[in-house]
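Colleague: prediction below, plus the sequence it came from.
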Amino acid sequence: MNITIVGTGYVGLVTGTTLAELGNSVYCVDIDEKKVEGMKNGIVPIYEPNLEEMFLRNIQAERLFFTTDLKKALDKSEVVYLALPTPPGEDGSADLSYVLRVAHDIGEMMTDYKVIVNKSTVPVGTADRVREVIASKTDIPFDVVSNPEFLREGFAVEDSMNPSRVVVGASSEKAKNIMATIYQPFTNTGIPIIFMDEKSSELTKYAANSFLAVKITFMNEIANYCEKVGADVDKVRLGMGSDDRIGHRFLFPGIGYGGSCFPKDVKALINSGKQDDFEFQILKATENVNSHQKVILVSEIENYFGGSIEGKTIAIWGLAFKANTDDIREASSLDNIRLLLEKGARIVAYDAVAENNVRKILGDKIQYAKSMYEALDGADALLIATEWSEFKNPNFELMAKRMNSKTIFDGRNMYPLDIPAQNGFYYKSIGRKTIVN
């Protein structure tokens, strides 16, 4: 099948590459000429494990194409995926201007039947709005479908090729049949495709992400309480997760959630509720707790140094909001850096993947190390903000030689407590006993 993907951001590029891998001819459209030219030459504009191999394979197989010409791509395709940004406004509402602008253009350009697929995360009722915009510009038949993505950054290729389920919101039998054909390679292997109405599909995405944000935040509150009463959150987590009604995933405490999805989607769902005179009390509490959790270790660092970190050098390992991505949107590292700088600390950070994205925001306000150990030179303390694999088994002896003080504040609970203890480190993590040496 010939398919157009409008937007080559994280969702659009992974979706387009996956659909090409499934044997379709995919035309990826973007307004950024430099970006499009780079992709034509095999340059993947985002970091995502295993994406480049699949990306290059489908370019070479002549199934994956890139263009700035929406009309040209539309003329070749029956199905058009909208994978456009829906950034939060000041009130948290999703900005649909990109989606509706492209819908307007499609209405003016289309010459035959199309299925318009909303892949972007959008509020309930967006399919209706897209349908109205297109219908105002053409009398040609078309259908609008909601098909939310459930990709985890860092595991997007795995998730795209082996999804837990495919959710499709469609009221047209013709559109349902077309979507079933596209996803037949999945359903043939037992992966379910769940058909529903468009509004239910749109809400499913927000509900799923918001629930996971609540689950993470609840575990962080339990972790903080563990510290108050002397319990160990790792043991509590294992005991809870063994209940198959709860499960082990998303029970790892830390310095809050970030990224491009959870913060934005929680805000958008809260705002959508307000517009319909409904208050999401749990989600509002989740936002408040997460905001505090992201910088919970800063006060611990201050207390360790007697109430002031003026002139102290703090090394930071990890800048991405999570491992295996270069995404720094809503990253806890940035919240910590800004607050530490306000309090007069000097920051030396290391992240081999996300550094360039941070440079675009912070410039020379902080220093950037070429290696995890170089970041420790002369450091008074280390703050671990991202759970990169290279941080999991460090050389503690080398760390001790490079640092002014054998002090670690671990926002991701990277180490069993006995490891830093055996190496003579002060070690403060989340929801566990503090190791004092």
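Modeller: Yep, it's here.

Colleague: how many residues are close by Glu158?
Modeller: 13 (other Cβ atoms under 10 Å). For the C-beta atoms, the positions are set from N, CA and C on the backbone; glycine is no exception.

Colleague: how much space separates Lys401 from Asn423?
Modeller: 12 Å (Cβ to Cβ, to the nearest Å).

Colleague: neighbour count: the two, which is higher?
Modeller: Higher neighbour count among Lys401 and Asn423: Asn423, with 19 against 12, using other Cβ under 10 Å.

Colleague: show me what contacts the residue nearest to that one when sequence neighbours are not counted?
Modeller: Nearest residue to Asn423, sequence neighbours excluded (Cβ to Cβ, 6 or more residues apart in numbering): Phe396, at 3.8 Å. For Phe396, the contacting residues are 419-420, 423, 425, by Cβ atoms under 8 Å, 6 or more residues apart in numbering.

Colleague: distance of the residue of the chain positioned farthest from its centre relative to Thr286?
Modeller: Distance from the centre of the chain peaks at Asp139, with 38.4 Å (Cα atoms, centre = their mean). Distance from Asp139 to Thr286, counting by Cβ to Cβ: 46 Å.

Colleague: let me see the ranges of the helices in the stretch 51-200 of the chain.
Modeller: Taking DSSP state H, counting those that start in this stretch, the helices of the stretch 51-200 of the chain run over residues 51-60, 70-76, 97-109, 126-135, 156-161, 173-182, 184-187, 198-229.

Colleague: list the buried ones in the shortest one?
Modeller: Across helix 184-187, burial judged by 16 or more other Cβ atoms under 10 Å covers Phe186.

Colleague: now it: mean pLDDT?
Modeller: Helix 184-187 shows a mean pLDDT of 96 in the predicted model.

Colleague: equivalent analysis for the first one, please.
Modeller: Averaging pLDDT along helix 51-60 gives 96.

Colleague: now what about it, what contacts it?
Modeller: Residues contacting helix 51-60 (Cβ under 8 Å, 6+ apart): 13-14, 17-18, 20-21, 26, 42, 44, 64, 156-157.

Colleague: who wins on neighbours among the residues you listed?
Modeller: Result: Thr17 is most packed of those (other Cβ under 10 Å), 31 neighbours.

Colleague: how about the contacts made by that one?
Modeller: So Thr17 contacts 26, 51, 54-55, 58, 64, 160 (Cβ under 8 Å, 6+ apart).

Colleague: wait, a strand at it?
Modeller: No - with DSSP: H, G, I helix; E, B strand; the rest coil as the criterion, Thr17 is helix rather than part of a strand.

Colleague: so Pro45 makes contact with Lys34?
Modeller: No - between Pro45 and Lys34 there is no contact under Cβ atoms under 8 Å: 9.6 Å.

Colleague: ok, these two, which is more surrounded?
Modeller: Per other Cβ under 10 Å, whichever of Pro45 and Lys34 has more neighbours is Pro45, with 15 against 9.

Colleague: next, give phi and psi for that one.
Modeller: Phi and psi for Pro45, reported as degrees, to the nearest 10, are phi -80, psi -10.

Colleague: can you tell me how far the closest residue to it other than its chain neighbours sits from Gln422?
Modeller: Of all residues not flanking Pro45 in the chain, Lys35 sits nearest, at 5.6 Å (Cβ to Cβ, 6+ apart). Using Cβ to Cβ, we find Lys35 at a distance of 49 Å from Gln422.
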